[in-house]
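Participant: structure for the following, please:
(chains A, B, C and D)
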Protein chains: 2
Amino acid sequence: MSSARDDFIDILKNNQQSVTKARLSVFEALLGQEPLDMHTLVARVPKTDRASVYRAVELFERLDIVQRLHTGWKYKLELTDKFTAHHHHLTCINCGRTIPMNEAELERVIEDLAKAHHFRPTAHQIELQGYCHRCSAVS
Amino acid sequence: MSSARDDFIDILKNNQQSVTKARLSVFEALLGQEPLDMHTLVARVPKTDRASVYRAVELFERLDIVQRLHTGWKYKLELTDKFTAHHHHLTCINCGRTIPMNEAELERVIEDLAKAHHFRPTAHQIELQGYCHRCSAVS
DNA sequence: TTAGGTGCAAAGGCTTTGCACCCAA
DNA sequence: TTGGGTGCAAAGCCTTTGCACCTAA
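Facilitator: Numbering: from 1, shown residues only, chains lettered A, B, ... in the order given. Purely as a prediction, here's the structure:
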């Protein structure tokens, strides 16, 4: 039984990277959260310098710990499938809410499509934009 | 029988926007091209100022003439479905080939999913990365 | 004619970098 | 102990903005 934090530490060690306070702080700020934008992430680790947050995120992306999620004009950061179940998002273009979705059917269709194109998929992104339940009622 | 250029002009006029040389240049730079990043787009309209290209792109996005396509870290710009058939891409991470795909089943699943989440979708992106037929055989 | 659009230059905002100091291993 | 990591400040980039001039309608 290993915690996400332990898994994280293992990944760093397996890649000859130091386990530092700054990196742990950034990782924990991302744990169990909605996807965060850089601004918010930086605010959540007040004891860590902005530059170190950027450096940690860059490292995490290389080690496949974190992924960028493009929502319209900006991007948000979230832990990869290693730490959270594989999923995609519905992003509300009115209130900015990000709604996760995890649908087996979608995954199956993706697989079938790739196969039909003789394509061996290693990753995919599926993002929907529109109006969430609440904003749809209003607008 | 109307050309893409005529459709473009109609959209501008219908929205009380002037048909200017700069806007036509930017539009034509995007016509029939692969998705372009800002840097490339600016380079393709040498007689138009950088700022005007940004302003044109911003306007085009509002009028649903252009959409941003996020490819990894950056974004590219391409004309919307009004000017090119709706499609998604398979991108080979080995040779870089971009294979367009247009699959009704995928669209249907997307619609169903959104509905299940009480979400009113206005747009979506689906991108797969992996190995194309040729590169899959080699690697 | 004139309101909107453009070019230029300068400002903004986010991200990266250089460097001396610090700390994980 | 010591090489990688961090904090700080400054530089870089991409993008946006202010303003005077230009041009489409």
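
Participant: from here on, contacts and neighbour counts on C-alpha atoms
Facilitator: Will do.

Participant: so the helix or strand where residue A:126 lies, near chain B or not?
Facilitator: Using DSSP states H and E, residue A:126 sits within strand A:120-131. Yes. Strand A:120-131 lies within reach of chain B by Cα under 8 Å from any Cα of the partner chain, at A:120-131.

Participant: what's the angle between that strand and strand B:120-131?
Facilitator: Counting by axes from the mean of the first three to the mean of the last three Cα atoms, to 10 degrees, strand A:120-131 lies at 170 degrees to strand B:120-131.

Participant: compare the residues of strand A:120-131 next to chain B and tell me which has the most neighbours.
Facilitator: residue A:128 (27 neighbours; other Cα atoms under 10 Å in any protein chain shown).

Participant: which residue is the nearest non-sequential neighbour of that one?
Facilitator: Nearest residue to residue A:128 in three dimensions, chain neighbours excluded: residue B:124, at 4.2 Å (Cα to Cα, 6 or more residues apart in numbering or on different chains).

Participant: list the contacts for that neighbour?
Facilitator: A:126-129 (Cα atoms under 8 Å, 6 or more residues apart in numbering or on different chains).

Participant: these two touch, right, residue A:95 and residue A:135?
Facilitator: Yes. Assessed by Cα atoms under 8 Å, residue A:95 is found in contact with residue A:135 at 7.1 Å.

Participant: these two: who's more crowded?
Facilitator: residue A:135 (16 against 11).

Participant: in a helix, the more buried one, correct?
Facilitator: Yes. Judged by DSSP: H, G, I helix; E, B strand; the rest coil, residue A:135 forms part of a helix.

Participant: what stretches of chain A score poorly on pLDDT?
Facilitator: A:1, A:71-73, A:138-139 (pLDDT under 70).

Participant: got the residues of it near DNA strand D?
Facilitator: A:17-18, A:20-23, A:47-53, A:55-56 (Cα under 7 Å from any atom of the strand).

Participant: narrow these to those that are buried.
Facilitator: A:22-23, A:48, A:50, A:53, A:56 (16 or more other Cα atoms under 10 Å in any protein chain shown).

Participant: those residues also near DNA strand C: which ones?
Facilitator: Okay, of those touching DNA strand C (Cα under 7 Å from any atom of the strand), that's residue A:50.

Participant: how far off centre is the helix or strand where residue A:114 lies?
Facilitator: Residue A:114 is part of helix A:104-116, with elements assigned from DSSP H and E. Chain-centre distance of helix A:104-116: 22 Å, with Cα atoms, centre = their mean, to the nearest Å.

Participant: list the buried residues for that helix?
Facilitator: So helix A:104-116, judged by 16+ other Cα under 10 Å, has buried residues A:106, A:110, A:113-114.

Participant: domain parsing of chain A, as residue ranges.
Facilitator: According to automatic domain parsing, chain A is divided into the following domains: A:1-83, A:85-139.

Participant: CSV for those, including distance to residue B:79?
Facilitator: Output for the domains of chain A, formatted as CSV (distance: least, Cα to Cα, whole Å):
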stretch, distance to residue B:79
domain A:1-83, 16
domain A:85-139, 18
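
Participant: for chain A, what lies in contact range of chain B?
Facilitator: A:68, A:70, A:72, A:90, A:103, A:105-106, A:109-110, A:113-114, A:117-133, A:136.

Participant: how about a cut-off of 7 Å?
Facilitator: By Cα under 7 Å from any Cα of the partner chain, the residues of chain A that approach chain B are A:70, A:106, A:109, A:118-133, A:136.
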